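In: This is the structure alone, sequence omitted:
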DNA sequence: AGCTAACGGAATAAAACATTCCGTTCCGCA
DNA sequence: TGCGGAACGGAATGTTTTATTCCGTTAGCT
């Protein structure tokens, strides 16, 4: 009773997802991977890909945009969590679990972003800023942490990767816990100038390629 | 009085270093970079490279081995620092500063290691283990941290990278400080099974390529 | 039975690369 | 002052890798 209509179109629609999933896995592991690797992982032919996406760049862009949307959605969801600290840490955990950071960051520069993407990015920023501010005012966050440290944290978590994806998720949570513990109030001063967002978004600003 | 002999051979010897430096920068930024990129960055022709290294793989291997040696040397140096916690944190800071982890890890799998390298790796392991044990017994390290967390920490720090290398170093120190703060004693329990070394060395165990 | 959306995958054209080769430069010595 | 060759620069070469296209096949659907 779950699949009452294995109609041709329905099949194709389901395959849409399979392909996107495969693409995510493959490009997450290697942003420079050939498109045939995606087809293989998805268990489909190359045609199935080109039927849906005009080009490799198009696929990359779609994938990345999907990640961005997820990020945005999580940020919005976190906004309604009453406890500021919980909202903050929960948000980070979900982003790390979803491996969204790798998507949006490691793929940046491999395609030219659409206006729509820029728009979504712009909508995201204030939400994250707010989330951070709430965490800060909860008193649980160390006083010298800044919003852009979030980027560093996410980048670090994304760097944790082992062949087994389940294990990867566990290790990342452990790692995030260490980081959050380090970001908690009451420790010694952090060294050096804090990061500024323009320093960290360079991957987006310069067009194309690697 | 610094360069009394700009003799032909002396020049070449100096260029050795220039080339190795260029190679480090280039392959650190992109492990798959073409060899011409190295030549360009070094400001030399391709011949200058092939005069020194039989192949690209050979260059990669040399580079990586150099990094491994540095790692080993730092570990040995840290062993003679009397304070266990200082030895530990100082060691990490120097390794992070030298960007050695990226070298040994991101390049792994792009060449077949020499017996000499395996040997050096074997010599390194007990040193690091000892360093960790001393940090642990200093009481400053959280009780549920394990040796292999070091790998995660280094991996995370290596993931911090911005175009400006000076800034990168600063940001990494900040990030390491957060991590060390999180690794300090007295916080909440860390989640999940702790990492085991065989989980983290997969890049070395499977031969060749990506 | 016939039409065609949805494919699979070989074929193709273009790019990216590692490596080789050859002509040039210029140090060091006679 | 001229020569031999080490040390190069960088174009030419031969391969490999890839994105993209094309064409024959397989079903849903009527």
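Out: Looks like it came in fine. Just so it is clear, the model here is predicted, and its values are computed rather than measured. Numbers count the residues shown, from 1 in each chain, chains lettered A, B, ... in the order given.
In: so how far is the worst-scoring helix or strand of chain A on mean pLDDT from its chain's centroid?
Out: None of the helices or strands of chain A scores lower by mean pLDDT, DSSP states H and E than helix A:202-205, at a mean of 80. Chain-centre distance of helix A:202-205: 15 Å, with Cα atoms, centre = their mean, to the nearest Å.
In: ok, it near chain B or not?
Out: Yes - counting by Cβ under 8 Å from any Cβ of the partner chain, chain B has neighbours in helix A:202-205: residue A:202. Where you see a C-beta, it was placed from the backbone N, CA and C, and this is true even at glycine.
In: Kindly report the same for stretch A:25-33.
Out: Yes - against chain B, stretch A:25-33 shows contacts by Cβ under 8 Å from any Cβ at A:30, A:32.
In: doesn't residue B:166 make contact with residue A:199?
Out: No - counting by Cβ atoms under 8 Å, residue A:199 stays clear of residue B:166, with 11.7 Å between them.
In: List the buried residues in stretch A:122-137.
Out: A:124, A:127, A:128, A:130, A:131, A:132, A:134, A:135, A:136 (16 or more other Cβ atoms under 10 Å in any protein chain shown).
In: ok, so of these, who is nearest DNA strand C?
Out: Relative to DNA strand C, the closest of these is residue A:124; by Cβ to the nearest atom of the strand it sits at 32.1 Å.
In: Helix or strand: which one has the nearest residue to residue A:192 once chain neighbours are set aside?
Out: In this structure, residue A:192 finds its nearest non-sequential neighbour in residue B:170, 4.1 Å apart by Cβ to Cβ, 6 or more residues apart in numbering or on different chains. Element membership of residue B:170, judged by DSSP states H and E, is helix B:165-183.
In: Just want the most central residue of chain A.
Out: With distances taken as Cα atoms, centre = their mean, chain A has residue A:100 as the residue nearest its mean C-alpha position (1.7 Å).
In: for it, what are its contacts?
Out: A:67, A:70, A:71, A:74 (Cβ atoms under 8 Å, 6 or more residues apart in numbering or on different chains).
In: change it to 6 Å
Out: Contact partners of residue A:100, counting by Cβ atoms under 6 Å, 6 or more residues apart in numbering or on different chains, are A:67, A:70, A:71.
In: thought residue A:18 was touching residue A:44?
Out: No - Residue A:18 is beyond contact range of residue A:44, at 7.3 Å (criterion: Cβ atoms under 6 Å).
In: Would you check how far apart the residue of chain A found nearest chain B and residue A:175 are?
Out: In chain A, the residue that lies nearest chain B is residue A:182 (3.0 Å; Cβ to the nearest Cβ). Distance, residue A:182 to residue A:175, by Cβ to Cβ, to the nearest Å: 11 Å.
In: higher neighbour count, the two?
Out: Neighbour count, other Cβ atoms under 10 Å in any protein chain shown: between residue A:182 and residue A:175, residue A:175 has more, with 27 against 23.
In: Domains in chain A, by residue range?
Out: If you go by automatic domain parsing, the domain ranges for chain A are A:7-52, A:56-205.
In: So for residue B:104, which of the ones you listed sits nearest?
Out: Proximity to residue B:104, assessed across the domains of chain A by Cβ to Cβ, is greatest for domain A:56-205 (14.4 Å).
In: Could you pull out the helices in chain A for me?
Out: Under the criterion DSSP state H, chain A contains helices at A:8-29, A:35-42, A:46-52, A:56-79, A:84-98, A:100-106, A:115-137, A:149-159, A:165-183, A:197-200, A:202-205.
In: What is the neighbour count of the closest residue to residue A:127 other than its chain neighbours?
Out: Distance criterion Cβ to Cβ, 6+ apart; nearest residue to residue A:127, sequence neighbours excluded, is residue A:75 at 4.1 Å. Residues contacting residue A:75 under the criterion other Cβ under 10 Å number 22.
In: show me what contacts residue A:75?
Out: Counting by Cβ under 6 Å, 6+ apart, residue A:75 makes contact with A:124, A:127, A:128.
In: Give me the phi and psi for residue A:140.
Out: When read as degrees, to the nearest 10, the backbone of residue A:140 gives phi -90, psi -20.
In: mind checking how far the nearest residue to residue A:25 once chain neighbours are set aside is from residue A:29?
Out: Of all residues not flanking residue A:25 in the chain, residue A:41 sits nearest, at 6.1 Å (Cβ to Cβ, 6+ apart). Here residue A:41 is placed at a distance of 10 Å from residue A:29 (Cβ to Cβ).
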